[in-house]
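In: Quick one, fold the following:
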Amino acid sequence: MEEFFRVDARQLESSNPELRQYLADLGALAIGGGWDVEKALDVLQGDRKAADRLEGESLFVKRALGGSPSKFGSFVSDTDKVLHALHDKVVEHYSEINAEQAAALYRPFLQGFLDWFSDVPELGRTLPVFTLNYDMAVESAVSVLEDPGDDNAGPPVRLVDGFGRARRVGRQWSRAPFDSYREDPEKANVVLVKLHGSVLWGRRPTSPEVIVELTPELGRNPGPFETVILYPTEERKEIQQEPFHTGYRLLHNCLRQTHFLVVIGTSFRDAEVCEMIRDAMEDNPSLRLASIGPSQTCERVAARIGVEPGKVAALKAKLSFPTHGEYDNPGHATDNGLMGGLRELARAAYGTKARPGWPRFGATNVTSGDGRWQKEAPDAAERSWPNGG
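Out: The predicted structure is shown next:
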């Protein structure tokens, strides 16, 4: 957001001087309030929709605007310009990923989950990843990890993302790789489902519609293609169209079969996801959720989703994977507190008795820094939750 107001907003002002005060006011709210880009988009899209509705409300126009709806026209036009600039920024910012850096970040998780969670009952060789992000970080990481060398310990990583195996410009998305999925027993299998689309997916409105993978330099909505992204909003999204329909269907099916869901760094602002988790916990009583974030609490997460706190564990921590090499050593219980904590929660979700000093469901868990965990007392405002915590 800081980069947008420092660079992109000034460029927008140069061609649209009338936007100067609008952008100044928006920047003060966004930077002062610590907004991320999704919060900014949510606010602007909400304002835009409200303007459309109120413009047709004759009583509001008469009482609030003195009978003159003309101010709506300039507000809508200005808001559309800012929204378009923010959409362009999202695609530009998240299109370029350094593959080696992405591999270094994700290697311990994408390769290491087989070892870290090896003593969890019923564990297979597949890691389903459902993401609300638009970037290409996981795909870029796998491009390095799919053929590991001598300096890259761990099994090769296989990615299934709906685009087939051959990496080429213009390859097409299909639900077939998901429908026909079979685990490769020699690899770490990662099934990646991008629930909100991707900065490099383009839809060509043919009959039938075609979704292809684009190149970063093309930008947003290039030529005959429309960038396939569901921009954030707290209101319901249109998810019946592909590839969103298949993505949400896969999430629905997974939640009704798994015992353990790990949620990393989300505010649970998407109504569809919250509703799906809530319904799954009713239909699948064994499902448990662990939420990782520096400000997460068990009570807030449970209230946001609408489930009992006893089914939720909040890990109040920043995401920290073990460094390369730690994850494939025997006796790794204390090598990395976060990964060790997730493993113990997974064991508990599958019915293995939890060991002392590890995170618990029904609690906000914090670490003392030595790899051990303890329950944090809930805030006074949160103690009134009817089912405890």
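In: buried stuff in the helix of greatest length in the chain?
Out: Among the segments of the chain that qualify as a helix by DSSP state H, the longest is helix 70-95. The neighbour-count check on helix 70-95 (16 or more other Cβ atoms under 10 Å) flags 72, 78-79, 81-83, 85-91, 94-95 as buried. Quick note: C-beta positions are derived from backbone N, CA and C, even for glycine.
In: again, but for stretch 13-21
Out: E13, N16, L19.
In: Make CSV from those and add pLDDT and distance to N253 to it.
Out: Shown next, in CSV, are the buried residues of stretch 13-21 (pLDDT from 0 to 100; distance: Cβ to Cβ, whole Å):
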residue, pLDDT, distance to N253
E13, 91, 48
N16, 89, 47
L19, 92, 46
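In: can you tell me which of those are in helices?
Out: Under the assignment DSSP H, the buried residues of stretch 13-21 contribute E13 to helices.
In: Show me what the helix or strand harbouring L29 is packed against.
Out: For L29, the host element (DSSP states H and E) is helix 20-32. In terms of contacts (3 or more Cβ pairs under 8 Å, 6 or more residues apart in numbering; DSSP states H and E), helix 20-32 is packed against helix 9-15, helix 37-55, helix 70-95.
In: From the chain's centre, how far out is it? Work that out for me.
Out: 26 Å (Cα atoms, centre = their mean, to the nearest Å).
In: contact partners of it?
Out: 1-2, 5, 9, 12-13, 35, 39-40, 43-44, 78, 82 (Cβ atoms under 8 Å, 6 or more residues apart in numbering).
In: go on, stretch 356-365?
Out: Contacts for stretch 356-365 (Cβ under 8 Å, 6+ apart): 288, 290, 296-299, 309-316, 340-341, 344-345, 348-349, 354, 372-376, 378, 388-389.
In: Could you rerun that using 6 Å?
Out: With Cβ atoms under 6 Å, 6 or more residues apart in numbering as the test, stretch 356-365 has contacts from 288, 297-298, 309-310, 313-316, 341, 344-345, 372-373, 375-376.
In: Buried ones in stretch 239-255, by neighbour count?
Out: I239, E242, P243, F244, T246, G247, Y248, L250, L251, L255.
In: quick one: the fifth one is in a helix?
Out: Spelled out, it's T246. Yes - under the criterion used here (DSSP: H, G, I helix; E, B strand; the rest coil), T246 sits inside a helix.
In: quick one: contacts for it?
Out: R175.
In: circling back: okay if I get the buried residues of stretch 239-255 as JSON lines plus pLDDT?
Out: Below are the buried residues of stretch 239-255 laid out as JSON lines (pLDDT from 0 to 100):
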{"residue": "I239", "pLDDT": "87"}
{"residue": "E242", "pLDDT": "92"}
{"residue": "P243", "pLDDT": "94"}
{"residue": "F244", "pLDDT": "95"}
{"residue": "T246", "pLDDT": "96"}
{"residue": "G247", "pLDDT": "96"}
{"residue": "Y248", "pLDDT": "95"}
{"residue": "L250", "pLDDT": "97"}
{"residue": "L251", "pLDDT": "97"}
{"residue": "L255", "pLDDT": "96"}
